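1. following is a predicted model, sequence given first.
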Amino acid sequence: MPIPSGLRVLLIEPDRMTAERIRRSLVDSVPCAPPPVCRIVESLAAMHDLAPEQFDVVVTASVLPDACGLDVLVYLQGTSPDTPVIVTGAEADAAMAVDAIRGGAAEFVLLTGHETVTIPLAVEKAFVHRQLREENEGLQEDLGRSMADLAVLNQKLEKSIRQLEVTARTDELTGLSNRRWLNLMLEGRWAEAERHDLSMAFIMIDLDGFKQLNDRLGHQRGDELLRIVGDVIDGNCREIDVAARYGGDEFCILMPHTDLDAAMHVAGRVSDAFMDRIGELELGSVRVGLSIGVGHRDLSDPGSAEDLVRHADEAMYAAKAASNGPQRVFVRARGGAMLSPAA
């Protein structure tokens with residue numbers, strides 16, 4: 001890794017001849033252009049007047065007039081912990097080498113006459129190590145930011161997928177499930193009911209008078225009425241039920257784990273709630289109502305999910321044909337007979 005220009009070295013050395021020899025070796029041997037800038041001070045007290053963070057590397061003698069190299073280490077770790085420190089000493093100071101390295105020194109270099117070679121290498125090594133550490137920390141920060149950004153993007157993606165899933169199974173006008181989702185749920189619930197011999201009901205609902213309302217009052221009022229039906233049905237279902245727009249002005253409710261009385265109760269409640277809501281509308285001479293048919297697995301003995309839907313549809317058409325007022329609920333029984341209409 002190349003050494004950048006303007007390398008700044010702080011040399012703490014009380015012996016002027018040694019300091020000059022080290023400075024010259026750094027200027028001549030450290031591979032950078034222009035050569036390193038070397039600031040020389042003689043003591044720890046003199047270093048206190050400087051800002052240590054302005055230097056790339058610190059080289060300190062192990063013995064100073066007012067301290068030792070370990071004191072320099074402690075001071076720099078408190079003021080400029082990222083600045084590498086190289087400790088130098090004579091052979092008599094070698095015992096300090098272990099403490100210096102344990103204290104955080106990058107190197108301990110003996111002054112044996114070869115320091116003009118060893119100290120420039122130690123400075124170069126310390127600086128490169130610092131650069132690598134800083135780059136690694138930068139990469140870690142970039143990675144952390146990237147991971148955080150990725151987490152945010154994943155959350156947005158998951159939210160988008162959930163929204164798309166909801167959109168894909170929802171009727172845009174009424175907010176109920178669409179026919180495609182109904183068929184998927186019907187298939188699964190029917191298989192479950194067959195496997196465990198569970199009760200299941202299917203309610204078919206037709207909006208009477210819808211064509212006349214569209215013709216006389218316009219499609220906007222027709223859409224408003226369809227939304228009201230959707231609100232009424234949704235407000236009278238359990239979470240386990242699947243309320244759907246079957247198509248046009250037909251709606252349905254798939255009710256797993258439901259006995260006949262509960263299904264009839266929901267059908268009557270939907271009819272009553274609808275009549276309460278349309279009482280608030282100005283429909284002129286147009287009369288609207290609901291024809292409701294109920295198919296039940298335990299009653300009409302359907303052989304398939306399609307049979308269950310067909311039985312509810314037949315009961316609904318029987319209710320429509322009866323023409324006995326706005327609230328009509330019929331149930332399909334075995335053999336095609338219809339039970340008495342429910343109010």
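-> Good, I have the coordinates. Nothing here was measured: the structure is a model prediction, and the numbers come from that model.
2. which helices and strands sit right next to the helix or strand residue 165 falls within?
-> For residue 165, the host element (DSSP states H and E) is helix 115-168. Packing partners of helix 115-168 (3 or more C-beta pairs under 8 Å, 6 or more residues apart in numbering; DSSP states H and E): helix 16-29, strand 57-61, strand 85-89, strand 107-110. Yep, even glycine has a C-beta here, placed from its N, CA and C like the rest.
3. let's see that with 6 Å instead.
-> helix 16-29, strand 57-61, strand 107-110 (3 or more C-beta pairs under 6 Å, 6 or more residues apart in numbering; DSSP states H and E).
4. could I get those in JSON lines, plus columns for mean pLDDT and distance to residue 147?
-> JSON lines is the format used below for the helices and strands packed on helix 115-168 (pLDDT from 0 to 100; distance: least, C-beta to C-beta, whole Å):
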{"stretch": "helix 16-29", "mean pLDDT": "88", "distance to residue 147": "41"}
{"stretch": "strand 57-61", "mean pLDDT": "91", "distance to residue 147": "33"}
{"stretch": "strand 107-110", "mean pLDDT": "88", "distance to residue 147": "35"}
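5. in TSV: those, plus mean neighbour count.
-> Below are the helices and strands packed on helix 115-168 laid out as TSV (neighbours: other C-beta atoms under 10 Å):
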stretch	mean neighbour count
helix 16-29	16
strand 57-61	28
strand 107-110	20
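6. and those as CSV, adding distance to residue 285?
-> Shown next, in CSV, are those (distance: least, C-beta to C-beta, whole Å):
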stretch, distance to residue 285
helix 16-29, 104
strand 57-61, 97
strand 107-110, 101
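7. which of these sits closest to residue 267?
-> strand 57-61 (85.8 Å; C-beta to C-beta).
8. quick check: the gap between residue 105 and residue 81.
-> 13 Å (C-beta to C-beta, to the nearest Å).
9. the more surrounded of those two?
-> Taking neighbours as other C-beta atoms under 10 Å, residue 105 and residue 81 compare with residue 105 leading, 25 against 10.
10. in a strand, that's where the more buried one is, yeah?
-> No. Read with DSSP: H, G, I helix; E, B strand; the rest coil, residue 105 is coil and lies in no strand.
11. so who does it touch?
-> Contacts for residue 105 (C-beta atoms under 6 Å, 6 or more residues apart in numbering) come out as 73, 85, 87.
12. how about residue 218?
-> Contacts of residue 218 (C-beta under 6 Å, 6+ apart): none.
13. let's see 10 Å
-> residue 224 (C-beta atoms under 10 Å, 6 or more residues apart in numbering).
14. please apply the same query to the one 10 residues further on.
-> With contact taken as C-beta under 10 Å, 6+ apart, residue 228 is in contact with 174, 207, 273-274, 277-278, 280-281, 288.
15. again, only using 6 Å
-> Contacts of residue 228 (C-beta under 6 Å, 6+ apart): residue 277.
16. following the strand or helix carrying it, which helix or strand comes up?
-> Residue 228 belongs to helix 219-235 when elements are defined using DSSP H and E. Of the helices and strands lying after helix 219-235 in sequence (DSSP H and E), the nearest is strand 242-247.
17. which strands and helices sit next to that next one?
-> So strand 242-247, by 3+ C-beta pairs under 6 Å, 6+ apart, packs with strand 250-256.
18. and the next helix or strand past the strand it packs on?
-> Per DSSP H and E, the helix or strand that comes after strand 250-256 is helix 260-278.
19. in that following helix, what's buried?
-> By 16 or more other C-beta atoms under 10 Å, the buried positions in helix 260-278 come out as 260, 263-264, 266-268, 270-271, 273-275, 278.
20. list just the nearest of those to residue 213.
-> For the buried residues of helix 260-278, the nearest to residue 213 is residue 278 (10.1 Å; C-beta to C-beta).
21. please name the nearest non-neighbouring residue to that closest one.
-> residue 288 (5.9 Å; C-beta to C-beta, 6 or more residues apart in numbering).
22. got the confidence number for that neighbour?
-> On the pLDDT scale, residue 288 is placed at 84.
23. just the one 5 residues further on next, same as before
-> Per-residue confidence at residue 293 stands at 91 (pLDDT).
24. with residue 341 instead?
-> So, for residue 341, pLDDT stands at 54.
25. ends of stretch 59-77, how far apart?
-> For stretch 59-77, the separation between the terminal residues is 14 Å (C-alpha to C-alpha, to the nearest Å).
26. what lies in contact with that stretch?
-> 11-14, 43-45, 52, 83, 85-89, 93, 96, 100, 103-105.
27. quick one: low-confidence parts of this structure?
-> Residues of the chain that meet the criterion pLDDT under 70 lie in 1-6, 280, 323-329, 333-343.
28. can you give the domain ranges for it?
-> For the chain, automatic domain parsing gives the domain ranges 8-138, 179-336.
29. make a markdown table out of those and add distance to residue 164.
-> Shown next, in a markdown table, are the domains of the chain (distance: least, C-beta to C-beta, whole Å):
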| stretch | distance to residue 164 |
| --- | --- |
| domain 8-138 | 38 |
| domain 179-336 | 13 |
